[in-house]
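Undergrad: sequence first, then the predicted structure, then my questions.
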Amino acid sequence: MTADAQPISNPQARRVSQAPLVVLGEIRTCLLPHTTTLDGQATEDFLSLVPGARVRRRERPGPLAFSPPRAVGVDCYLARGTTDAARIVGTVASTAIVVGGRLAQLSSHTTVVRAPQKRRRAWSHYVGRVGTTEVIGPLPDRAIAERELIAGYLGASGATMLDLASICARKLDELRKSALLDRKPPLLAPITRLRWTARMGGSLGTTVSFRLADEVTRTVHITVRRVEDLPDALRFCEDLAVHDWLLTVIDAKVRAADGFGGGYGRQIEVLAPVLEHLAHLWMPGGHTPPSMRPLWRDLQSEAGFSKQWVTRVEQLERRIAVATYYAARGELSDDDR
C-alpha cells in the first residue's frame, strides 16, 4: 500500500546510512499534450508542484527541467526470486521532468537497504529518508539478496507487492491533466515504460544491459562500482528513456505512413511533425553524467541507437520530399481526396 508523504528538495543529496542492496526504478515518457513548446517560465510554472520548492533547470545542451521530488510512502512486499518475499517499508521518490519543452517524464525509484532493526519504525523515521526503503527481516548474503530482489521486482506482481508502475502511471496522469496544458499535441505518440535496476559490485566497471520487453516496455540493468555512482545511474536511465521514446515514435510513424500507400498528402501529415517537433531533441549522452557516458558508447556499438535514428530521419526526409513532389504535381491518390 502507499501513502503520500511530504516532499524534500533533493533526495539524491541525502545519503543512506546503510549500504544499498539495489536501486529499483520506473520511468514513463510521453509527449506533452500541448500545442506549442513550453518555454523556460512556462516549464517552471508547470513543474512547480510543491509551493516554495525550487524547480531545477538547465539550458545546455538543451532545455531540461526537474520538479521538486515528492515522496510516496510504501509498506508492502518485494519478491525474492519466485517463492519468497521480503517486507519493505519506506518511501519512493517521484520526479517530473520536462525535456526540450516538448516531452514529459515521470521518474520513480527507491533505494533498498537492510533495516538496522527487526521491526517497523514510526513513519517519521522513513519520511525523513526520501527514496529509501528498508527490508525488515532476514536476508541471505549480499550477492544472493541482490539477485533475488532484482528478479523479484522484475517478475512479481500482486496487490501486496511493490508497484512502481502504478505510482509512476498515477503521477504522470496527474501531470498530464495540468490546467496549463491545452491537450492539443502536434502528433499522437505512445507512452513508453522503462523499468530499471542498479546494484554495486561490478568487477568489470560500470556495465549496462538493455532489453525490449514489448512495443512500449524496456528493461535496463546497471552495475556500478561505487555507491556514489547510483544517482548517476538514475540520470542515465532517464536520458536513455528519452532517446528510446524518440526511436519508438519515429518507427511507429514510418509504419503508419506505410499504411497509406500512395496517399502522399496523408504521409506528409504523419511524417512532417516528427521532424518539426522531435528531431532536434536527439542528443544521446548530452544530459548524462560523465561517469555514465561510457554506457552510451556500449549502446551505440551494440544496439546502434544513433545509427537507427539517423537512418530513420533520412528515410523520413526522403519520403516527405517524394510525397511533396507528387502532391505538388497534383498526383494525389484517392486517400488524399
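TA: In hand now; what should we look at?
Undergrad: hmm, Arg218 and Arg211 touching each other?
TA: Yes. Using Cβ atoms under 8 Å, Arg211 and Arg218 qualify as a contacting pair, with a distance of 6.7 Å. Every C-beta, even on glycine, is put in place using the N, C-alpha and C of the backbone.
Undergrad: more neighbours, the two?
TA: Arg218 (21 against 11; other Cβ atoms under 10 Å).
Undergrad: so that one, which of the three states?
TA: strand (DSSP: H, G, I helix; E, B strand; the rest coil).
Undergrad: helix, strand, or coil at the closest residue to it other than its chain neighbours?
TA: Distance criterion Cβ to Cβ, 6 or more residues apart in numbering; nearest residue to Arg218, sequence neighbours excluded, is Leu194 at 4.8 Å. On the three-state scheme (three-state DSSP), Leu194 is labelled strand.
Undergrad: who does Leu194 bridge with?
TA: Going by DSSP bridges, Leu194 is paired in beta bridges with Ile27, Arg218.
Undergrad: same check on the one 5 residues further on?
TA: Arg199 has the following beta-bridge partners by DSSP bridges: Thr223.
Undergrad: pretty sure it is in contact with Thr111, am I right?
TA: No. Using Cβ under 8 Å, Arg199 is not in contact with Thr111, being 10.5 Å away.
Undergrad: more crowded one of the two?
TA: Each of Arg199 and Thr111 has its neighbours counted (other Cβ under 10 Å); Thr111 has more, 29 against 24.
Undergrad: list the beta-bridge partners for that one.
TA: Val23, Thr132.
Undergrad: give me the pLDDT value at it.
TA: At Thr111, the pLDDT value in this model is 97.
Undergrad: follow-up on the earlier one: overlap of the contact sets of Arg199 and Thr111?
TA: Any residue near both Arg199 and Thr111 by Cβ atoms under 8 Å, 6 or more residues apart in numbering counts here, and that gives Pro20, Val22, Val23.
Undergrad: who wins for neighbours among these?
TA: Val23 (25 neighbours).
Undergrad: ok, that residue to Thr133 distance?
TA: Here Val23 is placed at a distance of 10 Å from Thr133 (Cβ to Cβ, to the nearest Å).
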